[in-house]
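J.: When you get a sec, could you give me coordinates for this:
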Amino acid sequence: MQISVRFFTNLRELTGKREENLEFPENETVTIKNVLEGLAKRYGKPFIEYVYDREGKVKSFLQFLINGRSASAFNGLDTRLKDGDVLAIIPPVGGG
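T.: Just a heads-up that it's a prediction; the model follows:
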C-alpha cells in the first residue's frame with residue numbers, strides 16, 4: 001500500500017521535500033497517527049518539535065487533508081488511509 005504525504009511551508013523546509021511516498025504492508029491498518037509516527041522517526045527532533053507538543057500530542061494548529069478533504073470530517077488522527085491516498089499536512093498560514 002502506498003500513501004503520498006505532501007508537505008507545506010515549514011514542514012517542506014524541515015523535510016527538504018514537497019512530497020514523499022510511503023509504503024506499508026497491504027494488511028496493515030494505516031492511520032494519520034501512524035504516518036506521523038513514521039515521519040517523526042525518519043526526520044527526528046526538528047519534525048517532532050514542530051508537530052508534537054510537550055505532552056506528545058499533535059499540535060492543534062496543524063490541519064490534515066485526505067485527498068483534499070479535512071480529516072476532521074472523518075475520524076481525525078485515527079482516520080484510516082487507503083492505497084493511493086494523499087495526505088497533506090497543512091501548517092497555519094499567516095499573512096498581512
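J.: and the least confident helix or strand in the chain by mean pLDDT, which residues are buried?
T.: Within the chain, judged by mean pLDDT, DSSP states H and E, the helix or strand with the poorest mean is helix 9-15; its value is a mean of 92. Neighbour-count burial for helix 9-15, with 16 or more other CB atoms under 10 Å as criterion, is recorded at 11, 14-15. C-betas here are computed from N, CA, C, even on glycine.
J.: okay if I get those residues as CSV plus distance to Met1?
T.: Below are these laid out as CSV (distance: CB to CB, whole Å):
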residue, distance to Met1
Leu11, 22
Leu14, 25
Thr15, 21
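J.: where exactly do the helices run in this protein?
T.: 9-15, 32-51 (DSSP state H).
J.: Least reliable of those by average pLDDT, please.
T.: Within those, the stretch with the lowest mean pLDDT is helix 9-15, showing a mean of 92.
J.: Show residues contacting it.
T.: 7, 18, 39, 43, 46-47, 50, 89, 91, 93 (CB atoms under 8 Å, 6 or more residues apart in numbering).
J.: what about 6 Å?
T.: With contacts defined as CB atoms under 6 Å, 6 or more residues apart in numbering, helix 9-15 is touched by 7, 18, 43, 46-47, 89, 91.
J.: can you check stretch 37-56 too?
T.: With CB under 6 Å, 6+ apart, stretch 37-56 has contacts from 14-15, 59.
J.: Now with 7 Å, please.
T.: 5, 10-11, 14-15, 22, 36, 58-59, 62 (CB atoms under 7 Å, 6 or more residues apart in numbering).
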